[in-house]
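Trainee: Generate a structure from the sequence data that follows.
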Amino acid sequence: MDENHSIEPFTCKPDSEAGLMQLRSILSSMKGIVVITCQQNYLYAECKSRIFGFIDDLEFRQDEKSAVVHVRSASRNGYYDFGVNRRRVEKIRQLFEQ
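Mentor: The predicted structure follows:
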């Protein structure tokens with residue numbers, strides 16, 4: 001596993017609908033993020049940067065048995081994003097797990 005590019009899953013209660021609805025609410029309140037798909041145990045959103053308008057992909061998949069939400073956040077443009085995706089995910093984690 002690439003430690004520089006991996007991120008720990010979020011911890012959650014084993015109720016997929018409540019967890020994803022909470023994530024949807026958090027994401028909808030954040031500037032530049034649009035939820036595209038939210039169904040069963042999966043949520044997909046797009047994040048648009050303020051300055052250049054780059055689009056990043058943000059995905060969540062809930063594993064009810066393990067009571068975690070796996071996260072994927074990736075830049076569509078280029079390899080290095082100056083840590084923007086990690087900071088965004090950690091902010092979402094903080095709001096989700098409080």
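Trainee: show me what contacts residue 95?
Mentor: Contacts of residue 95 were listed using CB atoms under 8 Å, 6 or more residues apart in numbering, and they are residue 26. All C-beta atoms are positioned from the backbone trio N, CA, C, and that covers glycine.
Trainee: Just give me how far the helix or strand it falls within sits from the chain centre.
Mentor: Using DSSP states H and E, residue 95 maps to helix 84-97. Relative to its chain's centre, helix 84-97 lies at 7 Å (CA atoms, centre = their mean, to the nearest Å).
Trainee: Check stretch 34-52 too.
Mentor: 8 Å.
Trainee: what mean pLDDT would you report for it?
Mentor: Average pLDDT, stretch 34-52: 93.
Trainee: Quick check: buried residues in that stretch?
Mentor: 35, 38, 43, 45, 47 (16 or more other CB atoms under 10 Å).
Trainee: Kindly state the pLDDT recorded for the residue nearest to residue 43 when sequence neighbours are not counted?
Mentor: Nearest residue to residue 43 in three dimensions, chain neighbours excluded: residue 60, at 4.4 Å (CB to CB, 6 or more residues apart in numbering). Among the per-residue scores, residue 60 holds a pLDDT of 96.
Trainee: ok, residue 60 - how many residues close by?
Mentor: 26 (other CB atoms under 10 Å).
Trainee: Contacts for the host helix or strand of it next, please.
Mentor: Using DSSP H and E, residue 60 sits in strand 55-63. With CB under 8 Å, 6+ apart as the test, strand 55-63 has contacts from 9-10, 12, 16, 19-20, 23, 27, 33, 41-49, 68-77, 81, 84-85, 88-89.
Trainee: From residue 86, how far out is the closest residue to residue 47 other than its chain neighbours?
Mentor: Leaving aside its chain neighbours, residue 47 sits nearest to residue 56 (4.4 Å; criterion: CB to CB, 6+ apart). Distance, residue 56 to residue 86, using CB to CB, to the nearest Å: 11 Å.
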